[in-house]
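J.: show me how the following folds:
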Amino acid sequence: MTMTKAKIIEKLKADHPTIRTGSDESGYVNLTADEYEATITQWADNLIATEAAIQAAIAAKATAEAK
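T.: Below is the predicted model:
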C-alpha cells in the first residue's frame, strides 16, 4: 500500500460514510462526528502499521534467503 494517510482516510470515509456501535440485543448508535474522525484515523494508522510490518517481514525473509 503506497497510499498516503490522507488518501487512506479518504477511501475509508468513502467506504464507511457512517459507523455505528452496539449489538442486536442492545441496539445500535451512530458515532458522533468526533468519534467517527478518531475511528477513521485509528483505522488508517492501523493499516499503515500493518503494511509496514508486512514490508519489514518481506525484507527480513529476503535478507535471510540471500545468506
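J.: just want the most central residue of the protein.
T.: Closest residue to the average C-alpha location of the chain: W43 at 2.9 Å, with CA atoms, centre = their mean.
J.: pLDDT below threshold where in this structure?
T.: Low-confidence segments of the chain, defined by pLDDT under 70: 1.
J.: remind me, longest helix of it?
T.: helix 33-66 (DSSP state H).
J.: distance from that one to the middle of the chain?
T.: Put simply, helix 33-66 sits 8 Å off its chain's centre (CA atoms, centre = their mean, to the nearest Å).
J.: could you list every helix and strand in contact with it?
T.: With contacts taken as 3 or more CB pairs under 8 Å, 6 or more residues apart in numbering; DSSP states H and E, helix 33-66 sits against helix 5-15. (Glycine included, C-beta is placed from N, CA and C.)
J.: recalculate using a threshold of 10 Å.
T.: helix 5-15, strand 20-23 (3 or more CB pairs under 10 Å, 6 or more residues apart in numbering; DSSP states H and E).
J.: give the partner strands of the last one in its sheet and their orientations.
T.: For strand 20-23, the pairing partners within the sheet under DSSP bridges are strand 27-30 (antiparallel).
J.: only C-alpha atoms, please: export stretch 11-31 in PDB.
T.: Extracted C-alpha coordinates of stretch 11-31, given in PDB (Å, rounded to 0.1, in the frame of the first residue of the first chain):
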ATOM      1  CA  LYS A  11     -11.000   5.800   1.000                       C
ATOM      2  CA  LEU A  12     -12.100   4.700   4.400                       C
ATOM      3  CA  LYS A  13     -14.600   7.600   4.600                       C
ATOM      4  CA  ALA A  14     -16.000   6.700   1.200                       C
ATOM      5  CA  ASP A  15     -16.300   3.000   2.200                       C
ATOM      6  CA  HIS A  16     -17.700   3.800   5.600                       C
ATOM      7  CA  PRO A  17     -19.700   7.100   5.500                       C
ATOM      8  CA  THR A  18     -21.100   6.300   8.900                       C
ATOM      9  CA  ILE A  19     -20.000   4.000  11.700                       C
ATOM     10  CA  ARG A  20     -22.200   2.600  14.400                       C
ATOM     11  CA  THR A  21     -21.600   0.600  17.600                       C
ATOM     12  CA  GLY A  22     -23.800  -1.700  19.500                       C
ATOM     13  CA  SER A  23     -25.400  -5.100  19.100                       C
ATOM     14  CA  ASP A  24     -28.700  -6.600  18.100                       C
ATOM     15  CA  GLU A  25     -29.500  -7.100  21.700                       C
ATOM     16  CA  SER A  26     -28.800  -3.600  23.000                       C
ATOM     17  CA  GLY A  27     -29.400  -1.600  19.800                       C
ATOM     18  CA  TYR A  28     -27.000   0.500  17.700                       C
ATOM     19  CA  VAL A  29     -25.900   4.100  17.900                       C
ATOM     20  CA  ASN A  30     -24.100   6.100  15.300                       C
ATOM     21  CA  LEU A  31     -20.700   7.500  16.300                       C
END
